[in-house]
Structures are given as structure tokens and as C-alpha cells.
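Q: The following comprises the amino acid sequence and a computationally predicted model.
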Amino acid sequence: MLEVDNLCLSFTSNEGQTPLFRDLSFSGKAGDLIGVTGESGSGKTGLLMALGGYLPTWSPACHLSGSISLFGRPVTQGASRDDTAIVIENPYNQNTGFKSRAFEELLVPLEMRGIAHDLMTASLNCLASRFGLSQISDSKLESLSGGELQRLHIASAMIARPDLLLLDQILAELDPAFQQRIFKILKAYARDRKAVALVSFNPGEVDPDLFDAVVTLPGSGQVRSKSSAAPPPSVGRKESKPAGQRPVLTIRDLCFRYSPDRPWLFEGFDLDVLAAEGYLILGPNGSGKSTLGKLLLGLLKPDRGTIEVSGRDFNSRPSSGAGSALNCAFQNPDLYFCKRTVKEELEFGTDKKLAAKLADLTDLSHYFHKNPYDLPRGLRKKLSFAIAASCGPLVLFLDEPSQYQDATGVAGLISAMRFLLDQKTALLCCTHDRRIIDEFPEFSRIRLGGELLAMPAPHARPAGGGNLAPERGPGLYSDKSDRGDTRTWFKNTRRDAIQSWLDCDRQRFSPAENIVELLLEKTPGSCLLHRDSRILDIGCGAGKVLLALRKRLDENGLPNVPLLGIDVQPALIDHARWGSLGASNINFEAADAVDGRLLSSLCKNRLGGKATLVTCLYVLHDEPELFAMLKAISDNIADNGILACILVHPEWTEALASKGFVKIVQKTANPSGRSTPDWRWLGLYPILEDNGRTTYLPHAFRTLGDYEKAILDGGFKILSITPIPPAGKDVRDNPTELTSPLYAEQISTVYGAPPSVLIVAEKL
Amino acid sequence: MRGDPFKISFIAFCAALNAGVGFLVHSLKLPIYLDSVGTVLAAVLIGPFPGAVAGVLALLIISITTAPTAIAYSGTAILIAVCSSFFTRFKFLANMRATIFWGFLLGVIAALASVPVTVYVFRGATLAGADIFTVLFKATGMSLHVSVTLGGLLTDTVDKLATALLCFCLIKALPARLTSHFTGARILSIKPE
Amino acid sequence: MHPATRFIIAICFVFAALKTGVPLNFVIVLLGLLYAFSVKSRSGFNPSSIFARMLVFALVVLFLIHGVDFHTHAISQKGLRTAGNAGVRFASVFAATLWLVKRTTKEELYALMLSLKLPMVATLLIFRAIWFLPHVSKRVRDVLLAHQLRGVKSSNVFRRSLALAPALYAIFASMLLEICDSSVTLLSKGIWIHGPKSSFLVLRWSYKDWMAVGAAGLMIVMLLFKGCYFARS
């Protein structure tokens, strides 16, 4: 429960006290996702900092009055807390610096709480896949893009399960696909953890209906511009390219990648930009939008190709100052400011008339006498845009210009961009903001990298003569040459292999064995298994199946047959536990549906000698997304190996079966033959059965209350509830062995209180 | 041991600034090092001890990134921090004239403090621009002590003077929002404008 | 190998280079240098070229200061020896540091500092400083470019000196804003939470480490009593 009463926040600047908001009162229930919105400079960040008690650290110039309480405890400013976590807008500032690899950075909050190694692994896999970080989790931190880094920090904030999760303008860095997903994740988190999550956003950035409540900050009461309304979009202003006009920017055969082991970001990239022409550069996080800017400015050297501005080749630094050919409004606005007021700043090194006009259009004129560093970030961003634009370049590269902007800001920006186009400036604008994209339908669009592999990439040639390399993105459907061979070879040996396997130790893998048998009965192609609720495994049935299958194949001299399993359930894969089971020849990958690149790399490289299990967290995906992914994998692997897809959702099984998958329903022996309620849906796994008394292992995501209720509703009587033993130990080995209270405490930190438990229940 | 994470980050930043400003000077092709800007800023804005920590930390970073022998000059760094913090009592960085005077003095102190290390540990080589002067003076027939001292005095005074002047400009121009973290700093309480 | 073992070996190496006599120390240092320059970087950080340049610079300066007599334009034997001894000092420290820097990852250093029970403040200071360094360099580059793009001239020394103050101001002020943010995240990640900290990387002290440390210790003892040892023989 979060209660805010009569909160007033003001800060001291060079001109004295400036109030941000006063008499703010609101409350949030446990499980609420609350939005905080308001114009640029209305104190969104300040409010979040105050809620977390971070004000003295963030800015001692702020003065706060009023009261905040979180779950009955008052929030004191400056006291260190471990039940609150915050993610700020700039992802590059949030690394602790202790680590060089992404996954270790993600785990820092757990290290700070002294959590043991194997528990960290469990929560890492779970979170990494939810945030689409699995394929980059081993990368160096400095090679991640802003969006990837931001996702990492959100995951890192959630990993310690705080009661209050504060996310300050995180949407700016995330691509639209993930923006939608993050709300699902946050809602699920707040609900399951009984926590309060607050997200601040600019008005118009997201649909307020996504939140349980929205707090709107009144704004600083500063004068609004009289001319903020954007002129109507002039559609068709520039339909045909005037023939014979010389391009101001020419890119030929641009090839670039950060290092030889990273994929090409640009391969044979061509572009011609004419004067007064606009381009929107679109693409998900990490697709190379900012990199293009760096290449244009000569901060990075292309591996191949040329970039010419108004006919001059510059692989070296561009010429400087007013009238230079190319300028860039950097993503970080603070690089420019070196003067004491906005006015001086705008008049330094620029075309003064142009600067005055742009300041007018972007509403900066009201702030002429302020120090640039005293402005809120949205205004600083606009100021840096105005400075870059007023140098009068032929080509202006804008990196996320609408970042941190409210509606007024975007309107001002759009009118300034139109004004620049009228001044014959060509604009290259990187953005994923719909407000900008929709406003400029006449702009040519350049889409960069990272297309979802299953979807046909709509690489429409940019209308303005821009040209992209035909083979962009990961080529999943590669190299079909040796498939025929594999197939014949496999067919010939398969029967013998199965037979010899069936002959020997049939008893050893009881449930898994049945599946393997069924799998091999079918053509080695895509197989779909509907996992009945009776597999007596802890969670990872797919892993067991794969392990058994891999073992069989290896023993029968088929070590190179690729094997890919997909386990579509919110399971935790725990390396330690698999290690203890001797599963050294199995890869674990946690995927999510948009991770096209991961899957492509899996299909291409990694499937060789090992079995690979991909866990997809279906709770977070849309069905079309999931189907697209499964289809892509099965298309790619169908002739080449075995795909085991283990679903817990009967409807999905049917749906996939209708899409060409072979369906195998696994019937396990059920001695009593009674139909049990689908415990798995409650997240319960029956692990021992003894005279009608069943021991269940609940899934870690749920809380005890849910289980109790579910079990009681299902007509069971609970006999005992005890915390589960540590990861790495198989519960079935000794279900009564329970470990120290410390473990229970740690697991509650990782998964949320109360701890995961072992429930012994009796059917009444 | 707890502390304000801002102060810790700031000290670390000052250390990194000491080491990184070399890159700025190098990019602008200027004949100075400015490698104690961070030390002076930390000392003046937070206090002598943090300043000394920043100075030593900077040398540690320089040791692992460019020249491992730099760490031997820790004493000089500590002295610079203590002196510049002490000088703020006498309007160091509060007005131009005092800044020039104390900056010059700081240069002399720094130069003299590093002489013993240069002479006895490294036999004259400092791995910086001062070495050229040392070689020149040595070539005219002076003893090692004298040439090292003269070389150090020539470079360090100019350098620390420039450092002091830059810090003066920097602190004068900072907006209240940024200086609010250093409420205890003497230099800000006597800030004229 | 345990990172602590590496530190002990590095210290031992420098000690050996300083304590042994003339022909042997050259051999030790030369071998050490060769190894340090050729070994592959595990940490992703490789200052070999800078170190090499610095070392060459040091050797040249030492040679010029001691080795050359500018009056007689001759090379003095005694001077060369002084220069050589000082050169060995430089080279041994360079080799040891280079090897440590190349082989120790951040994760190992963190785990080591944790197991040594160093106060969190010290750990934070060191890691923050290491983290800030590339940021400062990057910021320097970005700010200079931004200033250049808006017309700050850098045609002669005077103009470049004038460009210094605005650039430094932009670097300092913009980084200061970011420090405010990043210190909040440090708090949020729980740096001051009471109780023990853990590390994802679990360091193990194996028999190899015992052997290496034992050998290093033995060598130090032998070198310390080198005087009486040689005197007797």
C-alpha cells in the first residue's frame, strides 16, 4: 500500500525556489500499476525520487514536504532501503561498474543481498528470457545498445523483488514491441508480488488505460506557447523526386560491424539524400540507428564504403561551424552546453536569425535567461536540437529527437522540422516515436535490422531512392544443401536405433522414455507433444525427454543429429539442477518469441553435438507471436532434425496441430485412472503419490495463498506445507529433506515471499 | 562504512577526470597535462581527504592504463589535495588574482614534492613532458637533482596554474542545481557571484 | 588460477627482477616482458601498445639522461649501468602490471575484493573510477565533436586553449548530472544493504595455487638470503 499525502516539491535554482508540484495526494493498492504523467518539467522524476527516498542523493536542491508511506512504513528521505528499486531514463548511467558482462550486471542486486550462486542462476534464466536478454546475456556491457541496456536494468531492478518499483520514463529507450510487453510484465509482477509499480511517462506516450491509476502532475504553470499547434501535414508535398538534382548526402556500399564476431549492422547500404528531403530511420533497439549517426560524423570508420556530403568525401571529421554540411543533434543533449544562459548558448557559433526562429518554434524563448543545466531534460533536448539545427547544415541527423518530450514539445519539434525542410535542410531522423512517424507520412522510411525472422521483412525500397541491401537481417533459411543427405541417413539408421534402444533398459526413464519412443516413431520432423498433466517431473519435462533422446542418439552413433526442444511453459531452468543430473550435453536457452536472432543462431550453429532446450514463457506472449516463432523453427529444422515442442496448453496444441505439426499426445500410466483437475494450471506439479496422498511442488511464481485456495477448492486437504530444498537437489530423492531457514529466506528474496513450498495434500 | 553514493561517485569521477583529461588535452594538442584537475576539484568541493583519495585513485588508474610507475607519485597527489583544500581559506578559486597566486604556488609545491621520487626511484624519468627539460638541463652539465627540479618547476607551475584557472572558471559557472550537492564546500560559501 | 595467486606472482616477479644481479635480471625482465606482451587478454582490456610506447620513451629518456655525456659526445659505461638498472625497474613493473591487467577480469577483481573483506566503499571507489574512465574519454570526444560542429574553432594554439574551458565545463557539468542519476541507481541496487555480500563468480583456491604461491615464497626466501648463500659458495 502506497500512500502519498499533501506532497509538495520545489527546487532551488539560480533564481530561487521553483515549485514543481504542491498538495499532491494519491494512494496505490498492492498489485497496482500506477502511471505518473505530466508535462516536461512538472516533476515526474522528482516525485519518483521522493517516493523511493532518493531525493538527497539525486538532488539536495529539492525541498519536500508532506508524507509518504509504503505498506504502513513512512518513507524517510536519504535512508537506505532494500524494498525499493528505481530505473532511470538514461540506461548508460545505471551500471554499477563491478561487472563487464551483461548477466553479471543483472545479478548485482542479488549479490548485494548475499544471495547464493545457484539461486542467482535460477532467477537469471527466468528474467533474462522474459526480457529478451538471453542472447545478449553473455555479451560485454559496452556492446549493448541503449534499449538492451535499459531492459537489463529493468530486469535487474525486478530481480530483487522490491515492494515498490519505480520506472522513470523508461519507454523512451524501448522499442515498440517491447514497450507493449513491459506493461504485461509489470502488471504480472505487481500482481504476483503484491507490489506497487509506478511508471512515469510523457502525456500521449502510452495509453493511460494500461494503468490501474494515473497520477497527472499539474505542470509548472509556465507560459504555454501561442503557436504550439503544428501546421497540418502537407501530404504530397514532395511526391516525385526532381530529376537531375544532386544529392547532398551519398552513401555507397556502406559495411560496418563493431567486431568480426558481431553480425553486420550495415552490409552494402546505399542511400541518396536530396536537399529538403526527409528520412525516418526505424528499427528496434540495437539495429544500428545511432551507429549510422556515428558513421556519418566520422566517429566510427566504416569497414567498407564511402559517405559523401555535398560531393565531398569525408572519412575524416566534418568541417565545423555555421554553414557546415552535416550536423547532428545527439541523443545526449548535454554535450553542447558551455554557456551560462540559454540565450548565449543559442547565439554561440550559430546563424542567429535561424536560431531565434527555431527557439520561437520550439518554445525556448521563455527560458532565455536560465542556465541550460537548470532546465528539465525535455527542454535540454530541444535546446540541443535548436543549436544543431541553427548551424544551418545541409543534412541534419536527429537521434531520437522526441525523447523526453511532452505533447507541446513534440508539436514544437514538428513545426521546427517542417521549417527546416522549407529551408532546404535534409533531415535524417532516427525514432520509434509514433507521434513523429505518423506526422511525416511523406518521409521515406529506412528500416534497419532485427526483423522478426518469421515475418516477411517489408524491405520496401525507400521511395526517395534509398536502397537497402537485399539480404538484411539474419538469414534463417540458409544452406539447405546437406539436408537430403541427413534425412536419408537418419531414416536408414533410425529403425535400428529405436529398436536397440527399446530393447535395453526400458525401465530407466519411465515417462520420458514414452515420449522419446513416440517421437522416434514419427518421421524425424517437427513433432508436437501435448504434455499431459501426469508427467512426474519437476517442471522440465522437455529437458528429460531431450536428455533421453540425445542419449539414445549418441549411443547409436548419431551424435550429429540436431535436436531442439521447446518447452512452452513458465518454468525455471536451473543449470545447477541439470548439472547434478549429469545433463552435460544439453544446452539451455531461454527464448522469447521476438528473439529471432537467438533462434536463428540456434538453428544455424549450436544444434550440432548437443541437445538444445528452449524455454518460452508463454504467459508473456501473444499467440500469433508464439506461432510465428514455432513455425519458423519447424520450417527450418523440419528436415534436419527433431523438434520437440512441449505445450501445457491444450488449446495451443490443437491450434498448432492444425498448422501442420504432428501431434503426439502422451499418455502416461495413471494407475488410479482418475481424472485429476489440471493442477499444472495452478502451477502445481504432483511429484509423489502414495495412497491417495499427493505431494505437489508448486511453481515459484505463485504465492502460497493462491495454492491453498486452489487446493482447497479442488477438494484436497492440506497435510503439510514446507519450503522446498535448494536448487541442485532433486526433490524426489528425498522429499522430506528440508533445509535451513536461511534458504527459505533467500528463496523468498529471489522469488518473492512466501517461499516456494512443498505441499502434501490428501484427496478428500 | 557507509557514505553518500554521490560523493563516492564524484570522487571516482574526479579520479577518472584526472586520467581522462589527458585525452582532452591531447585532442586539442595543447602542451600541458592538467592531470590534477580532478584532485583540485574534489579537494576544494568536498575536502582534503576525498581529494587525496581522488588523486591516488587517479594514479592507480593511470598505472593500469598507461604507465604503471605513476602510482609512485601518490605523495604528490595527496599534497596537492591537502594544499588546495587549505588554500581555499585564502580565497583560492574565489577570485582570479588569488587563484593565479595560489595556483602558481601549488605548482611549485607539486614540482618539489615529486623530485625525490623522480630522482631516487626512477633516476630522472617521469614519463611526461618534463623529461625533455630534464634531458636538456642535464645536457648543459647540471646534476640530476637540479635538472629534474628545474624541469619539474618549469612544467608543473604552468600546468597547475592552468589547472587552477580552469577550476576557477568551472566552479564559477556551475548552476545552483549542480552545486547543491556540495553545500559544505567553503569555496561555494564565499562565491562572490 | 585464483586472482590472488596472480598478484602474488606479479609481486614476486618484480622482486626477483630487482634483487637478482646484472645478467640474470635482464633475462628475467626480458622473458617477463615477452610473456606479458604476447599473452592473450582475458579482461577485454589490452593496453599493450600504450605500455610499449611508454616503456620505450622511458628507456630513451634514461639513456639520454645518464648514458650520453653531452660534453664529450661519448657514451659512458657508468651512465649506461645506471640507466640499465633504472630501465629494469621500469620494465619489471610494466611487465607485471600488463600481465595482471590483461589476465584479471572485473568479475574476478570484485570477487577477490569481496573475499578479502575490503570495505564496500573501497570496492565502489575503485570500480566506479574504472567505470568512469572510458565514459570520460567518450564524453571528451563527444563534447569536442559537438563543439566543433557548432563552430568552436581550433586552428591555432590560442584558439584551442580558449576551447579548453568550455569543453571541460560541458564535460564536468554533464557528467555531474549523470552522477546524480547513477548514484541513485547504486542505492537502488542495494550497495548499502546490511549483511554479507555474495559474488556470482565463486573463486576457488586449488592445489595449483598452493604450488604457485609456494614456489613464489621459496624464491623470495632464496633471494633474501642470496648474500650469505653466494658468499658461502
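A: Received, thanks.
Q: Please, where are all the helices along the stretch 201-350 of chain A?
A: Counting by DSSP state H, counting those that start in this stretch, the stretch 201-350 of chain A has helices at residues A:289-297, A:342-347.
Q: Equivalent analysis for chain B, please.
A: Secondary structure of chain B (DSSP state H): helices at B:5-27, B:37-45, B:48-65, B:74-87, B:96-116, B:130-139, B:144-173, B:176-179, B:186-189.
Q: what packs against the longest one?
A: The elements that helix B:144-173 packs onto, with contact taken as 3 or more CB pairs under 8 Å, 6 or more residues apart in numbering or on different chains; DSSP states H and E, are helix B:37-45, helix B:96-116, helix B:130-139, helix C:157-189. C-beta here means a position set from N, CA and C on the backbone, and glycine is covered the same way.
Q: again, only using 10 Å
A: Applying 3 or more CB pairs under 10 Å, 6 or more residues apart in numbering or on different chains; DSSP states H and E, we find helix B:144-173 packed against helix B:5-27, helix B:37-45, helix B:74-87, helix B:96-116, helix B:130-139, helix B:186-189, helix C:157-189.
Q: cool, and the third one?
A: Judged by 3+ CB pairs under 10 Å, 6+ apart, helix B:48-65 is in contact with helix B:5-27, helix B:37-45, helix B:74-87, helix C:48-62, helix C:77-103, helix C:120-149.
Q: at 6 Å instead, please
A: Helix B:48-65 sits against helix B:5-27, helix B:37-45, helix B:74-87, helix C:120-149, with contacts defined as 3 or more CB pairs under 6 Å, 6 or more residues apart in numbering or on different chains; DSSP states H and E.
Q: ok and it relative to helix B:37-45, angle-wise?
A: 170 degrees (axes from the mean of the first three to the mean of the last three CA atoms, to 10 degrees).
Q: and helix B:48-65, how far from the chain's centre?
A: 10 Å (CA atoms, centre = their mean, to the nearest Å).
Q: What mean pLDDT does it get?
A: Here helix B:48-65 scores 93 as its mean pLDDT.
Q: which residues touch that helix?
A: B:11, B:14-15, B:18-19, B:38-39, B:42-43, B:70-71, B:74, B:77-78, B:81-82, B:85, C:47, C:101, C:129, C:133 (CB atoms under 6 Å, 6 or more residues apart in numbering or on different chains).
Q: Just the buried subset of the residues you listed, please.
A: Those of the contacts of helix B:48-65 that meet the buried threshold are B:11, B:14-15, B:18-19, B:38-39, B:42-43, B:70-71, B:74, B:77-78, B:81-82, B:85, C:47, C:101, C:129, C:133, by 16 or more other CB atoms under 10 Å in any protein chain shown.
Q: Within reach of chain A, which of these are there?
A: Residues of these in contact with chain A (CB under 6 Å from any CB of the partner chain): none.
Q: how is chain C carved up into domains?
A: C:3-104+C:203-232, C:118-189 (automatic domain parsing).
Q: nearest to residue A:342, of these?
A: domain C:118-189 (14.2 Å; CB to CB).
Q: First-to-last residue distance for that closest one?
A: End-to-end distance of domain C:118-189 (CA to CA, to the nearest Å): 19 Å.
Q: And for stretch A:267-278?
A: 22 Å.
Q: Give the closest residue to residue 153 in space, chain neighbours not counted.
A: No chain specified, so I'll use chain A. Residue nearest to residue A:153 in three dimensions, not counting chain neighbours: residue A:94, with 4.6 Å by CB to CB, 6 or more residues apart in numbering or on different chains.
Q: not what I meant, chain C
A: Residue C:153 sits nearest to residue C:159 (CB to CB, 6+ apart), 4.9 Å away.
Q: Can you tell me the number of residues neighbouring the one you found?
A: 12 (other CB atoms under 10 Å in any protein chain shown).
Q: quick one: pLDDT of it?
A: pLDDT, residue C:159: 85.
Q: ditto for residue A:715
A: 58.
Q: Give the full set of residues in contact with the closest residue to chain A within chain B.
A: At 3.5 Å from chain A, residue B:180 is the closest residue in chain B, using CB to the nearest CB. Counting by CB under 6 Å, 6+ apart, residue B:180 makes contact with A:60, A:61.
Q: Could you rerun that using 10 Å?
A: A:11, A:12, A:13, A:56, A:59, A:60, A:61, A:62, B:174, B:188, C:180 (CB atoms under 10 Å, 6 or more residues apart in numbering or on different chains).
Q: Grab the nearest non-local neighbour of the last one.
A: For residue C:180, ignoring the flanking residues on the chain, the nearest one in space by CB to CB, 6+ apart is residue A:58 at 5.4 Å.
Q: now the helices of the stretch 201-350 of chain A as CSV including mean pLDDT, distance to chain B and mean neighbour count?
A: Output for the helices of the stretch 201-350 of chain A, formatted as CSV (pLDDT from 0 to 100; distance: least, CB to the nearest CB, whole Å; neighbours: other CB atoms under 10 Å in any protein chain shown):
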stretch, mean pLDDT, distance to chain B, mean neighbour count
helix A:289-297, 81, 15, 22
helix A:342-347, 84, 11, 21
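Q: would CSV of these with distance to residue C:111 be doable?
A: Formatted as CSV, the helices of the stretch 201-350 of chain A follow (distance: least, CB to CB, whole Å):
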stretch, distance to residue C:111
helix A:289-297, 33
helix A:342-347, 46
